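S.K.: Give the three-dimensional model of this entry:
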Amino acid sequence: MIVTIIAAILVFGILIAVHEAGHLMAAKAVGVTVHEFAIGMGPKLFSFTKGGTRYSLRLLPIGGYCSMEGEDEESENEGALCNKSVGARLLVMVGGAFMNILLGFILYIILCANTGDVVTTNTVAEVLPNSAAEEAGFLVGDEIVAINGNRVHIPADLQFEMMKANYGEMEVTLKRDGKKLTKTIAPRLETVEGIDDEGNPVTTERYLFGYTMQQEKNTFFTILKRAFFNCFLTVRMVLYSFISIFRGQVALSDMSGPVGIVNEIGKSAQAGILSLLSLAALIAVNLGVFNLLPFPALDGGRVFFLLIELIRRKPIPPEKEGFVHAIGMGLLLLLMIVVTYQDIVKLFS
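M.R.: The predicted model follows:
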């Protein structure tokens, strides 16, 4: 329990600090007056002032904020956010999400640098006999470049596309001798022998194509490439999840809130530092993408109003925009309550 609490405070604290730092740096860059940069909520533990901004650490590790002049109200101050150009305000609004995604990329660099001296590629090394790959006509040396028309760059992309296809039949684009060709293949559910975290033999079932992949040396360039595509894949996964929710393909009961995330952080912390960093990278990118969604009260919602202002060439009245954001905040809080309740039920069931 202590490990879970400490790990959760560290993960959430760093993610929030990085997010708000993104807003702070963008605001300072365009000349916006920042009154306070705070990590945590509630009573101040300590604070100091530098460059006209008060930096504070507060008691409750449940959030943070970057208080800017003219953020939610009109102001005559030259440094007020509301008096800056649309471009400057857009930069400030996306600054937090950008920093979260950048943090995720940095964490993926660390993770990819710790995967060993060699890494798996998308090029076929061996086609197993009597396998789905052999039946489909795969050959040694074939490079898998796309599945169902979606480009794949790393092995994790293959798993994601298989999941999207519900492990059914799919069109795989191969590059063979410099030319592209398409093969139809359906992965087969096969029994796999393995060892669990405690060293005990286990038997699991996995959907497999029936091939092995070539490996390459894990160079600095390879690390950067894999980190970028892992980050990009996480963005795609987050967007796919939200689209699935809006389509009704994912139930609310399948979502996780703060309690569920804290529980997963605890499990990852106990599994090791790399496991914790992997989850932190996922949450960081998730937080960045989520904040850019065009939903009221989120940074993306404010970006949406700024884009409307850019098109109309005049701003939306602050009181009307504020009302929309208030409704959005209420809906988000309601969703948070429902998901948190479900997390607690799952935890004790």
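S.K.: The residue lying closest to V92 once chain neighbours are set aside: how many residues sit nearby?
M.R.: Nearest residue to V92, sequence neighbours excluded (C-beta to C-beta, 6 or more residues apart in numbering): A26, at 4.5 Å. Every C-beta, even on glycine, is put in place using the N, C-alpha and C of the backbone. Other residues near A26 number 22, with proximity taken as other C-beta atoms under 10 Å.
S.K.: Pretty sure A26 sits in a helix.
M.R.: Yes. Counting by DSSP: H, G, I helix; E, B strand; the rest coil, A26 is located in a helix.
S.K.: That one contacts G95, doesn't it?
M.R.: Yes. A26 is within contact range of G95, at 3.2 Å (criterion: C-beta atoms under 8 Å).
S.K.: tell me the SS of G70?
M.R.: Using three-state DSSP, the structure places G70 in coil.
S.K.: you'd agree it is up against N83?
M.R.: Yes. Contact criterion C-beta under 8 Å: G70 and N83 qualify, at 6.2 Å.
S.K.: if you count what's nearby, which of the two comes out ahead?
M.R.: Each of G70 and N83 has its neighbours counted (other C-beta under 10 Å); G70 has more, 20 against 17.
S.K.: that older thread, shared neighbours, G70 and N83?
M.R.: The contact sets of G70 and N83 overlap at N77 (C-beta atoms under 8 Å, 6 or more residues apart in numbering).
S.K.: Using the record's domain definitions, break this structure down for me.
M.R.: Using automatic domain parsing, the domain parsing of the chain gives 2-113+255-348, 118-217.
S.K.: Report the residue spans of the chain with pLDDT below the cut-off.
M.R.: For the chain, residues meeting the criterion pLDDT under 70 lie at 196-198, 252.
S.K.: need the strands for it, in chain order.
M.R.: 34-50, 53-68, 118-127, 143-147, 150-151, 170-176, 179-185, 188-195, 201-208, 211-217 (DSSP state E).
S.K.: Pipe those into a markdown table and attach distance to F105 per row.
M.R.: Output for these, formatted as a markdown table (distance: least, C-beta to C-beta, whole Å):
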| stretch | distance to F105 |
| --- | --- |
| strand 34-50 | 22 |
| strand 53-68 | 21 |
| strand 118-127 | 17 |
| strand 143-147 | 23 |
| strand 150-151 | 19 |
| strand 170-176 | 27 |
| strand 179-185 | 30 |
| strand 188-195 | 31 |
| strand 201-208 | 29 |
| strand 211-217 | 21 |
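S.K.: what about the ones you listed, which gets the closest to H325?
M.R.: Comparing the strands of the chain against H325 with C-beta to C-beta, the closest turns out to be strand 53-68 (14.7 Å).
S.K.: need the longest helix for the protein.
M.R.: In the chain, with assignment by DSSP state H, the single longest helix is helix 318-348.
S.K.: Only the buried residues of that helix, if you could.
M.R.: Across helix 318-348, burial judged by 16 or more other C-beta atoms under 10 Å covers E321, H325, V339, Q342, D343.
S.K.: packing partners for that helix?
M.R.: helix 258-271, helix 299-312 (3 or more C-beta pairs under 8 Å, 6 or more residues apart in numbering; DSSP states H and E).
S.K.: can you list the ones you listed in a markdown table and add mean neighbour count and distance to T184?
M.R.: Listed next are the helices and strands packed on helix 318-348 as a markdown table, based on neighbours: other C-beta atoms under 10 Å; distance: least, C-beta to C-beta, whole Å:
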| stretch | mean neighbour count | distance to T184 |
| --- | --- | --- |
| helix 258-271 | 17 | 37 |
| helix 299-312 | 17 | 39 |
